[in-house]
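Undergrad: Predicted model and sequence follow; I will ask about them next.
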Amino acid sequence: MQSANEHSGPELRAAYVKTVDVENLPEEVQKGAKGRTHLYALHDAEGEQLALVADRSMAFVLARQNDYVPVPVH
């Protein structure tokens, strides 16, 4: 029997999906945004940015593909 602190599966890690205004990003990133007004950032629990993508759905897929649980940030 496993204790409450033991588990057989991988540890769940959260990746926070946040909408980012392109105008608040560095100029180089703005140029690569191809006319978009918003991008989507993935951050870990410590606040480190893991990725910046153009599509919200892609942010969720990317998180799951890398063993994170995506959590939307409003």
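TA: Received, thanks.

Undergrad: can you list the weak-confidence ranges in the chain?
TA: 1-10 (pLDDT under 70).

Undergrad: And the helix or strand where residue 69 lies, what does it pack against?
TA: Per DSSP states H and E, residue 69 falls inside strand 68-73. Helices and strands touching strand 68-73, by 3 or more CB pairs under 8 Å, 6 or more residues apart in numbering; DSSP states H and E, are strand 13-21, helix 56-65. C-beta coordinates here come from the backbone N, C-alpha and C atoms, glycine included.

Undergrad: Just want the angle from the longest one to strand 68-73.
TA: With axes from the mean of the first three to the mean of the last three CA atoms, to 10 degrees defining the directions, helix 56-65 sits at 140 degrees from strand 68-73.

Undergrad: Next: the first one.
TA: For the pair strand 13-21 and strand 68-73, the angle between their directions (the same axes, to 10 degrees) equals 40 degrees.

Undergrad: how far out from the middle of the chain is the helix or strand following strand 13-21?
TA: Counting by DSSP H and E, the element after strand 13-21 in chain order, helix or strand, is helix 27-32. What separates the centre of helix 27-32 from the centre of its chain is 19 Å, taken as CA atoms, centre = their mean, to the nearest Å.

Undergrad: Tell me which of the helices and strands packed on strand 68-73 approaches residue 29 most closely.
TA: Closest to residue 29 of these is strand 13-21 (CB to CB; 9.3 Å).

Undergrad: Compute the number of surrounding residues for the closest residue to residue 40 other than its chain neighbours.
TA: Of all residues not flanking residue 40 in the chain, residue 59 sits nearest, at 4.2 Å (CB to CB, 6 or more residues apart in numbering). By other CB atoms under 10 Å, 25 other residues sit near residue 59.

Undergrad: next one: residue 29
TA: The number of residues packed near residue 29 is 13, by other CB under 10 Å.

Undergrad: residues contacting it?
TA: 22, 39, 52 (CB atoms under 8 Å, 6 or more residues apart in numbering).

Undergrad: and what of residue 53?
TA: Counting by CB under 8 Å, 6+ apart, the residues that residue 53 touches are 39, 40, 42, 59, 62.
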